[in-house]
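S.K.: turn this into a structure:
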Amino acid sequence: MKTKEFDKVEKNLHKIYFVVAVIISSVLSIGMPLFSEPDGQWHYSVSSNIVHLSNDLSAYGEPIGTGTDVQEVAYQRGDWFEKYFENQIVRMPIEKIPRTSSIPPVLNFNFLGHAIPALGVWLGYHIYPSVGVMVVVGRLVSSLVSSFAICMIIKYLKRGKLLFMALSLTPVIVATTASLSYDTLSYIAALLVFMLTINVYEAKRMNWKYALAMLATTVFVMIGTKTNIKILVALFPLVLFVLFLQRRQELGKGNFLNLNHRKLVILGVAGTALLLLALAAVFTLKPSLLFSAYRIIINFTVNLAPGLSTNNIFIGLLVSPYPGYNYMPYWVAGAWYILLVLVMLSEEKFVKSKLLSFGALGLFLANFLGVYHGFLTFLGAGYNPAPNNIVAGAIYGQQGRYFTPFIPLLALGLANTALPLKILPKRSVLYLTVGLAFVSNFILIFATLFGIYYL
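M.R.: Okay, the predicted model is just below:
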């Protein structure tokens, strides 16, 4: 396929994504076990509380915790459909619900992230008031709305359409959209930030429409997303500063500082000294940061979970939304890692600013360190006693979803014109994306159900 012909296909990538996403997410919505996302029972309780349909999942034998363990007996006994789809829910006053006894504030990511799933749960209740119908209809509504939102983002994105499509078709993202989790809204918000950043950089100018969109998106991200997603709004001032510097260069004004080599060396040494002093002060005031740094190093230099454990970040980042229950093979994760690299290398090089590329990579690293530290310190207090691998620095696989929305930051680095690497033809990468999306997501269903029946 010639470049001009593929350009026509690329203009319709959002349509290809929407068709593929709706097919796969519909199958996952119906085929995956109930509560197959992390904290699934809690997400259901919050969604049902929002639409004033609070009910007690204990009537179905579901624990206050998370996971699909209780459903295994019903699957193996052959009465899973009867138990969860034919038996009606037991309504209960919201203050007596053991999992969450209140409705979250409206201007909060907990409420906003569950608003669409809650609409689906309400619709499912009016079709038939059983937990199975309410969850499945909630999943279908959530997946349809989120797939359309992502479709529109891909449509109006000026660069990186194939990457957004590929990332959004990974099993972790598709399964998240086909669930009642608030993580879907955080992912969509992250894509929106990336879209505006890329489009403003491509436009090489700022107008009132972009300013209003950035302001509205910033408010949306600050109110409607989880904590780690909020740092992405730093891309807005970064890209504006980059455009400002480029404009100065175009006018022949150069940089702010015109320093000779000797002064640059002195400034670099002084800056490094100040950075080291700041780090020393931070580690002194908060020693847990130093301990987390040590644990991160150990985690990436020692195999803390020997054997082919399914509950790890390697498969939890892209292919296994709940690694302890999905039993996804390692080759699927490897295939997606390779594919995403191919996709990023096949995209057009459009970033001329090294500052933008390094700034994006810096945000990726900041999120990585922040999530790791938050997880390690949380589990350190949450487990008594903590498992040895957690003490040493292991992080559970289901936490991979906190890193997935940040992958486009890596693309801003690889899209720099200073990197000559380029993959052609793009057509083959598109075919691989669609093919792997279907295969890997259907393996997700099969492997999860196989584990319930036989493992």
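S.K.: what's residue 210 in contact with, if anything?
M.R.: With contacts taken as C-beta atoms under 8 Å, 6 or more residues apart in numbering, residue 210 has the following neighbours: 196, 199, 200, 203. Glycine gets a C-beta too; all of them are placed from N, C-alpha and C.
S.K.: one more time with 6 Å, if that's ok
M.R.: residue 200 (C-beta atoms under 6 Å, 6 or more residues apart in numbering).
S.K.: distance of it from residue 359?
M.R.: Distance of residue 210 to residue 359, given as C-beta to C-beta, to the nearest Å: 18 Å.
S.K.: export stretch 218-231 as PDB, just CAs?
M.R.: Listed next in PDB are the C-alpha coordinates belonging to stretch 218-231 (Å, rounded to 0.1, in the frame of the first residue of the first chain):
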ATOM      1  CA  THR A 218      -7.100  20.600  33.500                       C
ATOM      2  CA  VAL A 219     -10.200  21.000  35.700                       C
ATOM      3  CA  PHE A 220     -11.600  17.700  34.500                       C
ATOM      4  CA  VAL A 221      -8.300  15.900  35.200                       C
ATOM      5  CA  MET A 222      -7.900  17.400  38.700                       C
ATOM      6  CA  ILE A 223     -11.500  16.500  39.700                       C
ATOM      7  CA  GLY A 224     -12.300  13.300  37.800                       C
ATOM      8  CA  THR A 225      -9.100  11.200  37.800                       C
ATOM      9  CA  LYS A 226      -6.900   9.300  40.200                       C
ATOM     10  CA  THR A 227      -3.900  11.000  41.700                       C
ATOM     11  CA  ASN A 228      -1.100   9.800  39.400                       C
ATOM     12  CA  ILE A 229      -3.000  10.900  36.300                       C
ATOM     13  CA  LYS A 230      -3.000  14.500  37.500                       C
ATOM     14  CA  ILE A 231       0.800  15.000  36.800                       C
END
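S.K.: can you give me the helices in the stretch 151-300 of the chain?
M.R.: Along the stretch 151-300 of the chain, the segments classed as helices by DSSP state H, counting those that start in this stretch run 161-168, 171-177, 183-203, 208-224, 235-250, 261-285, 287-299.
S.K.: which of these sits closest to residue 56?
M.R.: Shortest separation from residue 56 across the helices of the stretch 151-300 of the chain is recorded for helix 183-203, at 25.0 Å, computed as C-beta to C-beta.
S.K.: let me know the average pLDDT across the closest one.
M.R.: The average of the pLDDT scores along helix 183-203 is 93.
S.K.: for residue 110, see how far away the closest residue to residue 232 other than its chain neighbours is.
M.R.: Counting by C-beta to C-beta, 6 or more residues apart in numbering, residue 193 is the residue found nearest to residue 232 once chain neighbours are left out, at 4.6 Å. For residue 193, the distance to residue 110 equals 20 Å [C-beta to C-beta].
S.K.: the two: which is more packed in?
M.R.: Regarding residue 193 and residue 110, a neighbour count based on other C-beta atoms under 10 Å identifies residue 193 as having more, with 24 against 17.
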